[in-house]
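Engineer: The sequence and its predicted three-dimensional model are supplied below.
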Amino acid sequence: MSLINKMLQDLDARGTPDGRGDAAGIRSVPERERGLPRALVFGGAAGLTAAAIALGWVYLKRPAVPPVLINVASTPVLAPAPLPVVATAPVVAAPVAPVVAAEPEPVFQAEEVAPAAAKARPAELRRIVEKAAKPAAASVVKTPAPAASERIIDGKHVTAQQRVENEYRRALAQLQDGRVSDAMLALQQTLQLDPRHQGARETLVRLLLEAQRPDEAARQLQLSLALDPKQPAQAMMLARLQLDKANGGVAALDTLTRSLPYATDNGEYHAFLAGVLQREQRYREASEHYQQALQTAPDNSVWWMGLGIALQADNHPAQARQAFERAKGLQTLSPQLQAFVERKLVQLTAAAAK
């Protein structure tokens, strides 16, 4: 607008020769004559405005600062670092150990353990642990390995036999801590891995007897003897359990007879068998086994007394009297048994005097 005002001032100055406006010289002109200068003024103003707009457009459209060119060819390209390759180890499938053909082991649940086992006396548990620990080392040599396969546990090669022994040691440790139910489950697992493990079998049987579960203990002994009858101690234990049943003498004799070939030099075995035979009124066989037992222990007064009873019942009074005299002469019987033998001698003497 300042440019337009200046132009108007210049036009106003041109109205007089000296450049100054003369008020006296001003005269009114017709409306037609005064319109021409006003159109020129507005036309010039419009032209100036267009010129300003054109200059502004040129200014705005001027080229920007040229960008800096970078030689891409000379710029080193950083190769991406290779990703680390994780070597995956091949999965080694553990070979399955062959299953030993045997009767299925009964499963013992922890809650099924009788309160008597859970609250067993510490002294009794110590006795069982100490007795079980003795054959533990020998069982590694005597017990045949159920399989030659190996398994990888914690990066170590563990044979089937080592797994058996580890499970057995775990059971003994639990038993020593008083965890009877856990120990019984671990012993059962040991027998599932190796049914011929005698240390685990005998320990489990003792725990079952301590828990007042004789039927399960007898079943364990039957499984063990079915796999290996060369175990006179287990046969005697099973026979004692069978004798506690009604009419169990027949079953006890069958058990003892099957293991008899492996106890020819075992005096206690012969004496125990003789007592069962005497109970079943098979006196002649009883006297024979008493005599075999006395060959291993000639100074056992109880066995001499048993022989005297069998001979007297089998109608051999003279030999019975000799057996009773020998039992009395050893002076090792309890007072009750000593009195019993003396009464028998009196009866035999009176019968011989008639």
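Structural biologist: Noted; the coordinates are in hand. Numbers count the residues shown, from 1 in each chain.

Engineer: So which residues make contact with stretch 271-284?
Structural biologist: For stretch 271-284, the external contacting residues (Cβ atoms under 8 Å, 6 or more residues apart in numbering) are 236, 239, 243, 249-250, 252-253, 256-257, 260, 285-290, 293, 300, 303, 306, 309-311, 313-314. In short, each C-beta sits where N, CA and C put it, glycine included.

Engineer: how about 7 Å then?
Structural biologist: 236, 239, 249, 252-253, 256, 260, 285-286, 289-290, 293, 303, 306, 309-310, 313-314 (Cβ atoms under 7 Å, 6 or more residues apart in numbering).

Engineer: Once you drop chain neighbours, what's closest to residue 217?
Structural biologist: residue 208 (3.9 Å; Cβ to Cβ, 6 or more residues apart in numbering).

Engineer: Need the per-residue pLDDT for the one you found.
Structural biologist: You'll see residue 208 listed with a pLDDT of 94.

Engineer: ditto for residue 348
Structural biologist: 94.

Engineer: you'd agree it is in a helix?
Structural biologist: Yes - under DSSP: H, G, I helix; E, B strand; the rest coil, residue 348 sits within a helix.

Engineer: And for the closest residue to it other than its chain neighbours, the neighbour number?
Structural biologist: Spatial nearest neighbour of residue 348, excluding adjacent residues (Cβ to Cβ, 6+ apart): residue 321 at 4.4 Å. Burial of residue 321 is recorded as 20 neighbouring residues (other Cβ atoms under 10 Å).

Engineer: three-state assignment of residue 321?
Structural biologist: Using three-state DSSP, the structure places residue 321 in helix.

Engineer: how much space between it and residue 203?
Structural biologist: 46 Å (Cβ to Cβ, to the nearest Å).

Engineer: how far away is residue 341 from residue 186?
Structural biologist: 49 Å.

Engineer: repeat for residue 351
Structural biologist: On the measure of Cβ to Cβ, residue 351 and residue 186 end up 60 Å apart.

Engineer: more crowded one of those two?
Structural biologist: More neighbours surround residue 186 than the other of residue 351 and residue 186, with 22 against 11 (other Cβ under 10 Å).

Engineer: how about the more buried one, secondary structure?
Structural biologist: Reduced to three states by three-state DSSP, residue 186 is helix.

Engineer: mind listing what it touches?
Structural biologist: Taking Cβ under 7 Å, 6+ apart, one finds 167, 170-171, 174 in contact with residue 186.

Engineer: Can you tell me which of those residues has the most neighbours?
Structural biologist: residue 171 (27 neighbours).

Engineer: And that residue, what's its pLDDT?
Structural biologist: Looking at residue 171, its pLDDT is 89.

Engineer: go on, residue 175?
Structural biologist: 88.

Engineer: Confirm that it sits in a helix.
Structural biologist: Yes - per three-state DSSP, residue 175 lies within a helix segment.

Engineer: Check the burial of the residue lying closest to it once chain neighbours are set aside by counting its neighbours.
Structural biologist: Excluding the flanking residues, the one nearest residue 175 by Cβ to Cβ, 6+ apart is residue 183, at 3.9 Å. Residue 183 has 27 neighbours, counted by other Cβ under 10 Å.

Engineer: Where does pLDDT dip in the stretch 201-350 of the chain?
Structural biologist: Scanning the stretch 201-350 of the chain for pLDDT under 70 picks out nothing.

Engineer: Helices of that one, residue ranges please.
Structural biologist: 214-227, 232-243, 249-259, 267-279, 283-296, 301-313, 317-329, 335-353 (DSSP state H, counting those that start in this stretch).

Engineer: Any idea which of those helices gets closest to residue 197?
Structural biologist: helix 214-227 (9.5 Å; Cβ to Cβ).

Engineer: buried set for that closest one?
Structural biologist: Within helix 214-227, the residues that count as buried by 16 or more other Cβ atoms under 10 Å are 214, 216-225.

Engineer: Only alpha carbons, please: show it as CSV.
Structural biologist: Below are the C-alpha coordinates for helix 214-227, written out as CSV (Å, rounded to 0.1, in the frame of the first residue of the first chain):
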residue,chain,number,x,y,z
PRO,A,214,2.0,-111.8,56.4
ASP,A,215,-0.1,-112.7,53.3
GLU,A,216,1.8,-110.2,51.1
ALA,A,217,5.1,-111.3,52.6
ALA,A,218,4.3,-114.9,51.8
ARG,A,219,3.4,-113.9,48.2
GLN,A,220,6.8,-112.2,47.8
LEU,A,221,8.5,-115.3,49.1
GLN,A,222,6.6,-117.6,46.7
LEU,A,223,7.6,-115.4,43.7
SER,A,224,11.2,-115.5,44.8
LEU,A,225,11.3,-119.3,45.2
ALA,A,226,9.5,-119.8,41.9
LEU,A,227,12.4,-117.9,40.2
